[in-house]
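Novice: sequence first, then the predicted structure, then my questions.
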Amino acid sequence: MGGVLEPPLTTIATQERELGQQAATLLLQILSAPGTPSPLSRSGSPPSSSCAAPAAADPDKGGSTRGQAAPPDVIEFVRRPHHAVVGWVGAAGKPRTVATWYDWEDGEILLNMDVGRKRVRWLQVGADVSLTILDAEDWYRHLTLNGHVARVEDDPDLKDIDRLSVRYSGAPYGNRSNARVSAWVAIDSWHGWSEGRPW
């Protein structure tokens, strides 16, 4: 039989995966270059300290990259139990992400972790954190909150994890035996995308 032989689907999948990894590596190199504007900055430049939202700020003032209060629809979006991914810098400066539950209170984000999780060692006071929140019905509508861990507290009575579990599942957290800690993230800047344009 003549004609062009098509490569096996497994070969195509492997090539696509390798290309994706190469693209991700190149993007990280570009973003880590000195003087490269932050992709999370609405103004095209890294947020300065004058743009940071104060700790324990009014919950209706999340603080944009330009130092402006977040509009009411942004705050309403954050308050809902959407899907979210938290990111931080791990060993050797490598980025790490994981899906997470979260809640919003007094201008801060609540995260809760099993003490056995590796990320507990990195999400300590002062650590930089990003939380990307995705609309469950349209993930092109999303919001990223950039901040730092303001405090870490034990959760001996599982009050915080129960709060998150009820928020997301409607019932208290099932595992009552493992020790847990809560990290409170103060928001320094934010950016989002909604209805085909910057939020």
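Specialist: Yes, it's here.

Novice: who does the strand ranked longest in the chain pair up with?
Specialist: Longest strand in the chain by number of residues (criterion: DSSP state E): strand 180-194. The strands beside strand 180-194 in its sheet (DSSP bridges) come out as strand 108-114 (antiparallel), strand 142-154 (antiparallel), strand 197-198 (antiparallel).

Novice: okay, Ala92: pLDDT?
Specialist: Note on Ala92: pLDDT of 86.

Novice: run a quick neighbour tally on it.
Specialist: Neighbour count of Ala92, defined by other C-beta atoms under 10 Å: 5. C-betas here are computed from N, CA, C, even on glycine.

Novice: hang on, it is in a helix, isn't it?
Specialist: Yes - counting by DSSP: H, G, I helix; E, B strand; the rest coil, Ala92 is part of a helix.

Novice: residue ranges with poor pLDDT in this structure?
Specialist: 1-68 (pLDDT under 70).

Novice: which stretches of it form strands?
Specialist: Under DSSP E, the chain gives strands at 83-89, 95-99, 103-105, 108-114, 128-134, 142-154, 180-194, 197-198.

Novice: so can I have a markdown table of those strands showing mean neighbour count and distance to Gly174?
Specialist: Shown next, in a markdown table, are the strands of the chain (neighbours: other C-beta atoms under 10 Å; distance: least, C-beta to C-beta, whole Å):
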| stretch | mean neighbour count | distance to Gly174 |
| --- | --- | --- |
| strand 83-89 | 18 | 20 |
| strand 95-99 | 12 | 17 |
| strand 103-105 | 16 | 18 |
| strand 108-114 | 21 | 12 |
| strand 128-134 | 20 | 24 |
| strand 142-154 | 19 | 20 |
| strand 180-194 | 22 | 13 |
| strand 197-198 | 8 | 39 |
